[in-house]
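1. sequence plus predicted model, see below.
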Amino acid sequence: MARATLGNHLKSMRVQAGLTQAELAERVGVSRKTVNTVENGVFTPSATLALQLARALGVPVEALFFLQE
């Protein structure tokens, strides 16, 4: 069975919310680079960070992150 990876809609939802990477990072207490690496799929966020990002954007975590086969 192929291993699933974590995909996300972080960039599109961040842009839709009118936030820069730096503004979103400040809201959740991480660096802009962390937001950038999550958006680009380089870094898989912890469950805590995923929930914080979703809360900051006002969306359910399931709308922000998804499994891709």
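-> Good, I have the coordinates.

2. output the below-cut-off pLDDT ranges for this protein.
-> Residue ranges of the chain with pLDDT under 70: 1.

3. so where do the strands sit in it?
-> Per DSSP state E, the chain carries strands over the ranges 5-8, 65-68.

4. geometric centre of this protein: which residue is closest?
-> Leu10 (4.3 Å; C-alpha atoms, centre = their mean).

5. nearest residue to Val28 other than its sequence neighbours?
-> Closest residue to Val28 apart from its sequence neighbours, by C-beta to C-beta, 6 or more residues apart in numbering: Gln52 at 4.4 Å. Placement of C-beta: from N, CA and C, glycine included.

6. for Leu6, give me its contacts.
-> 41, 44, 65-68 (C-beta atoms under 8 Å, 6 or more residues apart in numbering).

7. surely the residue nearest to the centre of the chain touches Leu53?
-> Yes. Using C-beta atoms under 8 Å, Leu10 is in contact with Leu53, at 6.6 Å.
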